[in-house]
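Student: Okay, sequence plus prediction incoming.
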Amino acid sequence: EPEVTQTPSHQVTQMGQEVILRCVPISNHLYFYWYRQILGQKVEFLVSFYNNEISEKSEIFDDQFSVERPDGSNFTLKIRSTKLEDSAMYFCASSDRVMRNSPLHFGNGTRLTVT
Amino acid sequence: SQKIEQNSEALNIQEGKTATLTCNYTNYSPAYLQWYRQDPGRGPVFLLLIRENEKEKRKERLKVTFDTTLKQSLFHITASQPADSATYLCALGDDKIIFGKGTRLHILP
């Protein structure tokens, strides 16, 4: 069964550094999402992306964050200047949205540790 | 503001019994509601979706109900097994799909 893949599985970075988290969504999917989960807390929506533009974003997704689909397969999340509180698991998801209520398919996440 | 509440942080159920998890929401009028399973260190996995005009949906040992008057969904696992131990999340929304905090279910052998 096709799956969403995320790289790296674990990223350690110093505060103030830029990080790029990478995702390869399922190939025929058109809707893409980033979520984060701080340890022990809930899965939080960051951003949704369709047709090469952001369709929704949360209050968390401030100017430090950006998303891009640089080619036909990758979907990236960039954090420009990381803070300690950005340490979390970041999940990418995709959906075909053939129907409005199509489910999300998640990758297994990138654990980001900011020191 | 929109809120999703899952009533228990953790639930212990004896193997073979039915586990029932609750999801309540406020300030939403969802056309559908989804349930996901999350294992430690892994991404959520989709289980079931129920639409507003459906009272009940089943898939193998899973059953979901949806009461738009009570603004509540119930998620049942019948004949529970230790392998069902996981965190179960409910989710609402369209472009912005929001998750509840989840209920950690432990099935005791």
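Tutor: Nice, I can see it. Small disclaimer: the values here were computed from a predicted structure and weren't measured.

Student: Can you give me the pLDDT of residue 25?
Tutor: All of this refers to chain A. pLDDT, A:P25: 96.

Student: Switch to chain B, please.
Tutor: At B:Y25 the predicted local confidence, pLDDT, stands at 94.

Student: B:K96 too?
Tutor: Per-residue pLDDT puts B:K96 at 86.

Student: Which of the three states applies to the residue lying closest to it once chain neighbours are set aside?
Tutor: Closest residue to B:K96 apart from its sequence neighbours, by C-beta to C-beta, 6 or more residues apart in numbering or on different chains: A:E56 at 4.1 Å. From N, CA and C alone the C-beta is placed, and that goes for glycine too. Reducing the assignment at A:E56 to three states with DSSP: H, G, I helix; E, B strand; the rest coil gives strand.

Student: Tell me how many other residues crowd A:E56.
Tutor: Residue crowding around A:E56 was assessed by other C-beta atoms under 10 Å in any protein chain shown; the count is 17.

Student: What backbone torsions are found at B:D84?
Tutor: The phi/psi pair for B:D84 (degrees, to the nearest 10) reads phi -80, psi -10.

Student: ok, how many other residues are close to B:L105?
Tutor: For B:L105, which is what you asked about, the neighbour count (other C-beta under 10 Å) is 21.

Student: which residue packs closest to it, ignoring adjacent ones?
Tutor: If the residues on either side of it in the chain are set aside, B:L105 comes closest to B:L11, at 5.2 Å by C-beta to C-beta, 6+ apart.

Student: how near is B:Y32 to B:G93?
Tutor: 10 Å (C-beta to C-beta, to the nearest Å).

Student: One more: A:S94?
Tutor: Remark: distance between A:S94 and B:G93 (C-beta to C-beta) = 16 Å.

Student: Same check on B:E15?
Tutor: 34 Å.

Student: just to revisit the earlier point, following the helix or strand in which the residue nearest to B:L105 is found, which helix or strand comes up?
Tutor: Counting by DSSP states H and E, the secondary-structure element that holds B:L11 is strand B:10-14. Downstream of strand B:10-14, the next assigned helix or strand under DSSP H and E is strand B:19-26.
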